[in-house]
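> need a structure here:
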Amino acid sequence: MGDSAALRWADSHAAVIGMGAAEEFAGTNSDGTALEEVGTVQVWGPEHYAEDLQGTYCTSAPILDSLRNRVVAVLTLMVPEHIALDSAPGALALPVEWAAGEIGRQVADRLTFREQALLRAYTRESRLRGGAAVVAIDDRTTIASNRAKEMLSNSDFAVLSAVARQVDAFGEVREEVVVLADSRALTVTVKPVTVDGRVIGAVMRLHEITARSAIGGAAVLPAPVSLAPLDDLIGASAVVRRLKSAAVAAMAQGVAVCLTGERGTGRTHLARLMAAAMTPEVAVIDCGPVDSGNAGAFAAMLDAALDAGRTVVARNFDQLSPEVLDHTRDGLRAAAERGKLMATAYDMDAGFFTDAIGTVPIELRLPPLRSRRDDIPLLVGYFLRSADPGARKVCSGRLLAALANAEWPGNVAQLRDVVTTAATRNTTGTVCVSDVNEAHQAALARGRLSRLEAAELEQIRHALAESEGNRAKAADLLEIGRSTLYRKMENYNRRGYELG
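The predicted structure is shown next:
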């Protein structure tokens, strides 16, 4: 558009549709240099690489999409150099820079309310913290400062996305400790981002933990301790590090240990590792109704393990029947006294253990997977290597983000099932969402529980465990009607949550 003589002049100086302005093709020019430096650039005649441009003055300014933190266009003014020389310094550059900024603001004005709220929260936090590492995340968008990009890998962003999704359950500012893929630890201050009173995302400030860093005056990471016996317990999160340290300390006590927690958290796996660290041979005995139906045979199996000097891992110890306990009480007490009893249970009943083994064991409670999401990339890598050691398969970023954000009612066991199944279906080497079967994809898409639902589900699980699965007794314990309990159980079962 414009004066025909000016258009002919522009065409003769290579400013035509389809022209390649990247520095690697066109040498020094304001368009390419502005793209490289992401800032306003002035290039005078002799500074141009192309001979056709050496009689011109050019100034270029990038147009930024501030939400996605990327350049979407470059605005350029090119005039004969003698016009620029007759003008005041900066007179041609300032209006170009202002116009590019104005276009960028109009781009921002076209954002949705959610995007604008996320961008405002990110901008406000970035201005408050200067050059700090700041990340803002919602369901579809991630905005990260340059410092944050330097600190984080793709798998780290997937973990932070999972942390951001949890903000809806808390609705308040809180601090998390997150371990990165390279084992560095961060403190993450998480603030909710709201639109009309509804949480739509989170803005986070990241701070790398050094040896002297502390939260509330206490060291963030546990005191140094040899964790070598527990190397096969995959995880580097602060939660798992504390668990490993507690497990090592418990082994040093030489007493009975009870590992509690939800199903699928790895209670038996950790019990095996601890037992193997104390004696060369380990006997794993299931105390559930399948293996303990014959009291005499069960007692003989336990006695044989103790006589052989093995450490006994008693799975599902809380399901041990009174009849079996009468036959095995002496043997169990002997194992407990020698520190050769590792029991697993959903929860620890001090009275039951006192009756069974004559003492209350040390309790180690394994965290659910949703409390250690920063371990998910490590677990995924481990399961992929285990599924096919020679294949060297990797997980796509999109699938890793989905895995890090899922609810995982079945915990680590469920994650292992999803990953290994997808790995066996994959033929390309990069395991993607399309490799996950339909049933598992439905589990990944399941929404999170609210705080009220999570508390209610936990109470139902406790009541069912205490009533040994008798729904009528569980309803009485919960002080609700049977039909109400049945309806709630059906709801949670349909959503894939295990009730015990």
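> CA only for contacts and neighbour counts going forward, please
Fine.
> Can you give the domain ranges for the protein?
Domain ranges of the chain: 4-109, 113-213, 228-365, 369-444, 451-494, per automatic domain parsing.
> is it true that residue 136 touches residue 201?
Yes: the pair residue 136 / residue 201 is scored as a contact, 7.4 Å apart, by C-alpha atoms under 8 Å.
> what touches both of those two?
Residues touching both residue 136 and residue 201 (C-alpha atoms under 8 Å, 6 or more residues apart in numbering): residue 118.
> circling back: got the domains of the chain as TSV, with mean pLDDT and mean neighbour count columns?
Converted to TSV, the domains of the chain look like this (pLDDT from 0 to 100; neighbours: other C-alpha atoms under 10 Å):
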stretch	mean pLDDT	mean neighbour count
domain 4-109	82	16
domain 113-213	80	19
domain 228-365	84	19
domain 369-444	86	19
domain 451-494	85	15
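> Assign residue 183 to helix, strand or coil.
What DSSP: H, G, I helix; E, B strand; the rest coil gives for residue 183 is coil.
> just checking, it touches residue 236?
Yes: contact criterion C-alpha under 8 Å: residue 183 and residue 236 qualify, at 6.5 Å.
> Find the residues that touch each one of those two.
With C-alpha under 8 Å, 6+ apart, residue 183 and residue 236 have no common neighbours.
> ok, which stretches of the stretch 51-200 of the chain are helices?
Ranges of helices in the stretch 51-200 of the chain, per DSSP state H, counting those that start in this stretch, are 81-85, 93-109, 113-129, 146-151, 154-165, 167-170.
> Please enumerate residues in contact with the third one?
In other words, helix 113-129. Contacts for helix 113-129 (C-alpha under 8 Å, 6+ apart): 66-67, 108-109, 132, 134-138, 141, 143, 145, 193-195, 200-203, 205.
> What sits closest to the most centrally placed residue in the chain if chain neighbours are left out?
Ranked by distance to the mean C-alpha position of the chain (C-alpha atoms, centre = their mean), the top residue is residue 159 at 2.5 Å. Distances taken as C-alpha to C-alpha, 6 or more residues apart in numbering place residue 374 nearest to residue 159, at 5.3 Å, with adjacent residues excluded.
> same check, this time on residue 202
Leaving aside its chain neighbours, residue 202 sits nearest to residue 192 (4.4 Å; criterion: C-alpha to C-alpha, 6+ apart).
> from what I can see the one you found touches residue 205, true?
No: because the distance of 11.9 Å does not satisfy C-alpha under 8 Å, residue 192 is recorded as not touching residue 205.
> For residue 323, I want the exact helix or strand it lies within.
Counting by DSSP states H and E, the element that carries residue 323 is helix 322-337.
> Which strands or helices does that helix pack on?
Packed against helix 322-337, as judged by 3 or more C-alpha pairs under 8 Å, 6 or more residues apart in numbering; DSSP states H and E, are the following elements: helix 295-307, helix 350-357.
> and the nearest residue to residue 234 once chain neighbours are set aside, what does it touch?
Of all residues not flanking residue 234 in the chain, residue 379 sits nearest, at 6.3 Å (C-alpha to C-alpha, 6+ apart). Going by C-alpha under 8 Å, 6+ apart, residue 379 touches 234-235, 416.
> Let me know the distance separating the residue nearest to residue 159 from residue 233.
Distance, residue 374 to residue 233, by C-alpha to C-alpha, to the nearest Å: 14 Å.
> Using JSON lines, lay out the contacts of residue 379 together with secondary structure and distance to residue 434.
Below are the contacts of residue 379 laid out as JSON lines (DSSP: H, G, I helix; E, B strand; the rest coil; distance: C-alpha to C-alpha, whole Å):
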{"residue": "234", "secondary structure": "coil", "distance to residue 434": "26"}
{"residue": "235", "secondary structure": "coil", "distance to residue 434": "27"}
{"residue": "416", "secondary structure": "helix", "distance to residue 434": "17"}
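> for these, which one is nearest residue 479?
Residue 479 has its nearest neighbour among these in residue 416, at 37.1 Å by C-alpha to C-alpha.
> No further questions, thank you.
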